[in-house]
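Participant: only geometry, no sequence info:
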C-alpha cells in the first residue's frame, strides 16, 4: 500500500508521485484509486489501489541503485534478433516488467542499433517511450535535470 507523496513507477508509463486517493464509481463499482502525477509530460493516471501489485506498480529505486543502471547503460548490448518485429516483441516484454535495468537495456540496445542503422518507425517510437520511462524515474531519484540526464545516458551508451 502506498501513501500520498510516495514516488512510484507505473510500468509502460514511467515514474511519478502519488498526489491523492479518491473513491470513484466506475462501471457501477465503487473503488479506491491512487492519483499518480508523472511530472515528465504532466500526466495524471488513476490506478486502482487493489490492483497495484498485478499491474506492477513499485517504489522508485534508491540512490545507491543508480550505479546498477549506469553499469547496464555502459554494458555490452544484448543479443537481439535481426528481424525488427521480433526485436520489437522482445523489447516490449522487457518494458512491461517495469524493472529499471530492463528499461535501461532497451534504451541502450535501441540507441546503439539506431547509431549503426536506422530503426523502424515502431522501434523509434519504442525508444522514445523507453527513454521517457527511464528518464522519469532517474529525474525523481537523482538531483539532475532532464538535459543533464539525457547527456549522461548518451555518453554512457556510446562509450
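Facilitator: Good, I have the coordinates. Here the structure is a predicted model, which is why all the values come from computation and not from measurement.
Participant: tell me the mean pLDDT over the helix ranked longest in the chain?
Facilitator: Longest helix of the chain, by residue count under DSSP state H: helix 121-141. The average pLDDT within helix 121-141 is 93.
Participant: And that helix, what's buried?
Facilitator: The neighbour-count criterion (16 or more other CB atoms under 10 Å) identifies 123, 126-127, 129-141 as the buried residues of helix 121-141. Heads up, the C-betas are built off the backbone N, CA and C, glycines and all.
Participant: Which helix or strand contains residue 68?
Facilitator: Residue 68 belongs to helix 66-74 when assigned by DSSP states H and E.
Participant: other SSEs contacting that helix?
Facilitator: helix 100-116, helix 121-141, helix 146-158 (3 or more CB pairs under 8 Å, 6 or more residues apart in numbering; DSSP states H and E).
Participant: can you list the ones you listed in JSON lines and add distance to residue 56?
Facilitator: Formatted as JSON lines, the helices and strands packed on helix 66-74 follow (distance: least, CB to CB, whole Å):
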{"stretch": "helix 100-116", "distance to residue 56": "11"}
{"stretch": "helix 121-141", "distance to residue 56": "12"}
{"stretch": "helix 146-158", "distance to residue 56": "23"}
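Participant: so which of the ones you listed gets nearest residue 34?
Facilitator: Residue 34 sits nearest to helix 121-141 of all those, at 15.8 Å, using CB to CB.
Participant: the inter-axis angle of that closest one versus helix 66-74?
Facilitator: 160 degrees (axes from the mean of the first three to the mean of the last three CA atoms, to 10 degrees).
Participant: Helix 121-141: how far from the chain's middle?
Facilitator: 6 Å (CA atoms, centre = their mean, to the nearest Å).
Participant: Which residues are in contact with the spatially most central residue of the chain?
Facilitator: The centroid of the chain falls nearest to residue 133 when counting by CA atoms, centre = their mean (2.7 Å). The contact partners of residue 133, taken as CB atoms under 8 Å, 6 or more residues apart in numbering, are 9, 11-15, 95, 103.
Participant: what's the closest of these to residue 28?
Facilitator: Nearest member of the contacts of residue 133 to residue 28, counting by CB to CB, is residue 13, at 26.2 Å.
Participant: which residues does that closest one contact?
Facilitator: Contact partners of residue 13, counting by CB under 8 Å, 6+ apart, are 38, 43, 45, 133.
Participant: Out of those, which two sit at the greatest distance?
Facilitator: Greatest spacing in the contacts of residue 13, by CB to CB: 45 and 133 (13.1 Å).
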